[in-house]
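Novice: this is the structure alone, sequence omitted:
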């Protein structure tokens, strides 16, 4: 079979196939139809007008009773004690008064000077004076011996004071008094350098 005959047969087959597909749609209306969607919109419902409500205002009249006037009450400590005492007496109960306690006051022991301070030392008026304590002895002779020893240095006036401590006596050897702490410090350094004694600086009370 030649080439032309084959092409004719292929064309006839194609035409036949197309006619089988499209002819029924054209002739009897069979085949695929275009579908249409119908939407039914209901009519807008009639809305009745809103009912009118009657507005009623209820007034509440609060009735407040007047409070009774309160008078201030002052409590007197003396009157309270008197009332309590009256109540105790009415019940036949009498509080016992505390017995007085005997208090014995003894005067504090004051230092007794054995000898007056040398007249060459003067205290500053209206200010503090200072002394340098270099020894404290129970034996009076030991205190006098140290006093005589320190007087030879001519650093300052030396004196002995007697103090009563715990039913006993204490003899304290002191230098001064000095008008200022600085001068008592100078005397302290001299005593330390010459006699190797550590003196104690303190305020002097006459």
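Specialist: Sure, I can see it. Since this is a predicted model, take the numbers as computed values, not measurements.
Novice: who are the neighbours in contact with residue 184?
Specialist: By Cβ atoms under 8 Å, 6 or more residues apart in numbering, residue 184 lies in contact with 130, 131, 132, 175, 176, 178, 201. All C-beta spots, glycine's among them, are computed from the backbone N, C-alpha and C.
Novice: go with 6 Å
Specialist: 130, 132, 178, 201 (Cβ atoms under 6 Å, 6 or more residues apart in numbering).
Novice: of these, closest to residue 9?
Specialist: Comparing the contacts of residue 184 against residue 9 with Cβ to Cβ picks out residue 201 as the nearest, at 148.3 Å.
Novice: number of residues surrounding the closest one?
Specialist: 16 (other Cβ atoms under 10 Å).
Novice: excluding its backbone neighbours, what's nearest it?
Specialist: In space, and not counting its chain neighbours, residue 201 is closest to residue 184: 4.9 Å by Cβ to Cβ, 6 or more residues apart in numbering.
Novice: just say helix, strand or coil for the one you found.
Specialist: Of the three states, residue 184 takes helix under DSSP: H, G, I helix; E, B strand; the rest coil.
Novice: who wins for most neighbours among the contacts of residue 184?
Specialist: In those, the most neighbours by other Cβ under 10 Å go to residue 132, 28 neighbours.
Novice: just the helices in the protein please.
Specialist: 3-27, 77-90, 140-151, 181-195 (DSSP state H).
Novice: select, out of the ones you listed, the one closest to residue 45.
Specialist: The nearest among these, by Cβ to Cβ, is helix 3-27 at 44.3 Å.
Novice: separation between residue 160 and residue 193?
Specialist: 23 Å (Cβ to Cβ, to the nearest Å).
Novice: these two: which is more packed in?
Specialist: Taking other Cβ under 10 Å, residue 160 and residue 193 do not tie; residue 160 has more neighbours (18 against 9).
Novice: what pairs with the more buried one across the strands?
Specialist: Counting by DSSP bridges, residue 160 is bridged to residue 173.
Novice: just to revisit the earlier point, among the contacts of residue 184, which pair sits farthest apart?
Specialist: 178 and 201 (8.7 Å).
Novice: can you list the weak-confidence ranges in this protein?
Specialist: Scanning the chain for pLDDT under 70 picks out 1, 26-37, 47-126.
Novice: let's see that with 50 instead.
Specialist: 74-75, 79, 86, 90, 92-95, 112, 117-124 (pLDDT under 50).
Novice: okay, the helices of the chain in JSON lines with distance to residue 168 next?
Specialist: Output for the helices of the chain, formatted as JSON lines (distance: least, Cβ to Cβ, whole Å):
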{"stretch": "helix 3-27", "distance to residue 168": "149"}
{"stretch": "helix 77-90", "distance to residue 168": "50"}
{"stretch": "helix 140-151", "distance to residue 168": "12"}
{"stretch": "helix 181-195", "distance to residue 168": "26"}
